[in-house]
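Student: build the 3D model from these lines:
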Amino acid sequence: ELDQSIRRFERALDICPMDHPYHLAALSNLATAKFRRGNAEDLDGAIALQRKTLTSCPVRHSDRCISLNNLKILLSTRFHRRGHSDDLDQAIALQREVLALRPLCHTN
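Tutor: Numbering: from 1, shown residues only. Got it, this is the predicted structure:
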């Protein structure tokens, strides 16, 4: 079922242009699905997709905090699996950015 979900998210990206309102969600959903599959190659792919999501998400976009947090989680996971300090450094920097955007992230 997860493989089928990944294929569907990939198809959604094929037909959803970058300026479409659901493009960011499709990228993020594909990244999450690949992460859940659990292998090293998919983790790297999920990180690349989540970076693309973050790059496409303007600073004042309401989903930026979610994108930052998702990438932070992926990088932290890769750090725990492989021990590369660069991943941890990037995850910490992303968390700092989330904290700096806190008023934007928590509008309720």
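
Student: hey, let's count contacts and neighbours off CA atoms from now on
Tutor: Will do.

Student: find the centremost residue of this protein, please.
Tutor: residue 50 (2.9 Å; CA atoms, centre = their mean).

Student: what about that one, which SS state?
Tutor: Classification of residue 50 using DSSP: H, G, I helix; E, B strand; the rest coil returns helix.

Student: identify the residues contacting it.
Tutor: Counting by CA atoms under 8 Å, 6 or more residues apart in numbering, residue 50 makes contact with 27-28, 31, 67, 70-71.

Student: so which of these belong to helices?
Tutor: Of the positions in these, 27-28, 31, 67, 70-71 sit in helices, assigned by DSSP state H.

Student: which of these has the most neighbours?
Tutor: Within the ones in helices among the contacts of residue 50, neighbour counts (other CA atoms under 10 Å) peak at residue 31, which reaches 28 neighbours.

Student: give me the element residue 6 is part of.
Tutor: helix 2-15 (DSSP states H and E).

Student: centre of the chain to the helix or strand containing residue 91, how far?
Tutor: Assigning secondary structure by DSSP H and E places residue 91 in helix 85-100. Here the centre of helix 85-100 is set off from its chain's centre by 13 Å, with CA atoms, centre = their mean, to the nearest Å.
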